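Chemist: Sharing a model prediction with you, sequence too.
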Amino acid sequence: MKRLFILSLLLCASIGVRAQDIPKELLKTWMPVLSTNYEGDTTSQEDLYFITFENKKGVIGFDDRSFSYEMLNDSINIEFDTDEVVKVALLELESQRLVLSFDPSLIITYIPLPAFDLQKNFNEVIESFIGEVWSFDIQTRYGTYNLDIDFSNVLEDSALVRPEYLHFVKTAHALSIKDDPILWYITKKEEAVILKMEFIYSSVNELGNYLITDFENDNIQFSYWEKGKEFHVQAKKWKKKSIHKQSKEIENLTREAWRIQEEIIPPPIDTTGLINLGYAVDDFLEYGEVYTNDSTLLISQEDIDNQSLILKFEKTGGYKIYRESRVLDKGTWSMQFNNTILNLKSSGEKRTSDGVFGGFIEIKELKRNKLIIYRSFETRLNHRYETDESLWEVYKPVR
């Protein structure tokens, strides 16, 4: 996971003042909604932990790390079973608001953890995400945007995850952000059920803790907090193709090789949020140094016009892309997003998107005698990008 909030790095101190009575307003589970420094500037909102105060004891974090505590003037002395002692300044305490200062750069505002009666078993909630695609309409301070997410039941790269998360975190993919997988899991804190999502690489695309407020059939409503303000999210599950239909599509895809026949301009559509699913690239300069790709491996307009481009998908999960008899790229393939996206993983070294197809192909139509895919062509020169017209490519079986 990304940077974690580690309590052992906080200021430790021993205090020799008289303990005070514990205010009853403190005794509940608190949810972090805002993190600032002493100047009031918002700081990282990642991995802010829930904290529960009971009478003289409590828990903190996703793994409910236990502690004991006592009130000392305007501070709280927290002691863990490892003998760590953390002095936390109590800046504000009301029935609906708690502000704690762990150090001058980490001042956290909490609200009481909301609870919603979902009338669903916790495991049932988890199962409703695994192997499914959900379309999220996410409200932000700048407006609402859509994110389609395919939730996998596996963790694709354990090297990216801290050991304590390995037994429950999984990988998901967003349709509109192809190069940044999502880590996700669902947890329960008292009566609150929370969907935790986090992009692996990006610090711009933030997700976070989504509290499920309502769950009815294939529709879910969430609340989340950003910089102290509550926002709402609505999610709807994609209608899943039957096992028979998915199997038939795989059979059609892998039965024979596919040769390109033509390219067509698709009918006008709303392209908001569409992803570039493949590239044809001229790349002459990289990081200030001369860097020349093997241009003979790049797909060109001539390949399409001459109908020399061939795709071959094996039932065993391998693929090859040819120019007539020459292999341009090979690797493994898998289906995502309800059999609408082909995810290609090239076996070539350091080749994630070098002019063949990148990593993804969007399938517009897949029948026994026709395959239509969506790509957009992109030209790069000196780090400047020009995107040409997005086209559909029509393929027929090689006879």
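Modeler: That came through, no problem. Given the structure is predicted, the values throughout are model-derived calculations rather than measurements.
Chemist: pLDDT below threshold where in the stretch 251-399 of the chain?
Modeler: 265-298, 348-359, 375-390 (pLDDT under 70).
Chemist: Where do the helices of it begin and end?
Modeler: 301-305 (DSSP state H, counting those that start in this stretch).
Chemist: and residue 248, that's in a strand?
Modeler: No - counting by DSSP: H, G, I helix; E, B strand; the rest coil, residue 248 is not part of a strand but helix.
Chemist: Tell me how many other residues crowd it.
Modeler: 16 (other CB atoms under 10 Å). C-beta: built from backbone N, CA, C; applies to glycine.
Chemist: Over to residue 209?
Modeler: Neighbours of residue 209 (other CB under 10 Å): 23.
Chemist: and it, bridged to which residues?
Modeler: residue 196 (DSSP bridges).
Chemist: Surely it touches residue 224?
Modeler: Yes - shown here, residue 209 and residue 224 form a contact pair, counting by CB atoms under 8 Å, at 6.1 Å.
Chemist: Output the below-cut-off pLDDT ranges for the stretch 51-200 of the chain.
Modeler: Judged by pLDDT under 70, the stretches of the stretch 51-200 of the chain that qualify are 178.
Chemist: mind listing what residue 211 touches?
Modeler: 114, 116, 192, 193, 194, 222, 223, 224 (CB atoms under 8 Å, 6 or more residues apart in numbering).
Chemist: Now with 7 Å, please.
Modeler: 114, 192, 194, 222, 223, 224 (CB atoms under 7 Å, 6 or more residues apart in numbering).
Chemist: how deep is the closest residue to the last one other than its chain neighbours tucked in, by neighbour count?
Modeler: Distances taken as CB to CB, 6 or more residues apart in numbering put residue 210 closest to residue 224, at 5.0 Å, once the chain neighbours are dropped. Residues contacting residue 210 under the criterion other CB under 10 Å number 24.
Chemist: Taking the contacts of residue 211, tell me the two that lie furthest apart.
Modeler: Within these, 192 and 224 form the most distant pair, 12.1 Å apart (CB to CB).
Chemist: The two - which one has more neighbours?
Modeler: Neighbour count, other CB under 10 Å: between residue 192 and residue 224, residue 224 has more, with 22 against 19.
Chemist: Look up how far residue 158 lies from the more buried one.
Modeler: Distance from residue 224 to residue 158, counting by CB to CB, to the nearest Å: 27 Å.
Chemist: what do you get for residue 228?
Modeler: Using CB to CB, which is the criterion applied here, residue 228 is 34 Å from residue 158.
Chemist: which residues in the stretch 101-250 of the chain form helices?
Modeler: Under DSSP H, counting those that start in this stretch, the stretch 101-250 of the chain gives helices at 122-127, 243-255.
Chemist: For residue 137, give me its contacts.
Modeler: By CB under 7 Å, 6+ apart, the neighbours of residue 137 are 144, 146, 233, 234.
Chemist: Can you say which of the residues you listed are buried?
Modeler: residue 233 (16 or more other CB atoms under 10 Å).
Chemist: Adding distance to residue 58, write the contacts of residue 137 out as CSV.
Modeler: What follows is the contacts of residue 137, written out as CSV (distance: CB to CB, whole Å):
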residue, distance to residue 58
144, 37
146, 39
233, 29
234, 34
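Chemist: Select from the contacts of residue 137 every entry located in strands.
Modeler: Within the contacts of residue 137, residues falling in strands by DSSP state E are 144, 146, 233, 234.
Chemist: which one of the residues you listed is nearest residue 304?
Modeler: For the ones in strands among the contacts of residue 137, the nearest to residue 304 is residue 146 (31.2 Å; CB to CB).
Chemist: on that earlier part again, looking at the ones in strands among the contacts of residue 137, spot the one nearest residue 125.
Modeler: Looking across those and measuring by CB to CB, the closest to residue 125 is residue 233, at 15.2 Å.
Chemist: For the closest one, report the pLDDT, please.
Modeler: Residue 233 carries a pLDDT value of 96.
Chemist: Okay, and the beta partners of it?
Modeler: residue 138, residue 222.
Chemist: isn't it right up against residue 210?
Modeler: Yes - with contacts counted by CB atoms under 7 Å, residue 233 reaches residue 210, the gap being 6.0 Å.
Chemist: What's opposite the spatially closest residue to residue 218 that is not a sequence neighbour in the beta bridge?
Modeler: In this structure, residue 218 finds its nearest non-sequential neighbour in residue 237, 3.9 Å apart by CB to CB, 6+ apart. Counting by DSSP bridges, residue 237 is bridged to residue 134.
Chemist: what about residue 237, how many residues close to it?
Modeler: 15.
Chemist: where does it sit relative to residue 154, distance-wise?
Modeler: 20 Å.
Chemist: next one: residue 107
Modeler: For residue 107, the distance to residue 154 - CB to CB - is 38 Å.
Chemist: Which of the two has more residues huddled nearby?
Modeler: Applying other CB under 10 Å to residue 107 and residue 154 shows that residue 107 carries more neighbours, namely 20 against 7.
Chemist: which residue ranges form the strands in the stretch 201-350 of the chain?
Modeler: 208-216, 219-226, 229-237, 258-264, 285-286, 289-290, 309-313, 318-323, 326-336, 341-346 (DSSP state E, counting those that start in this stretch).
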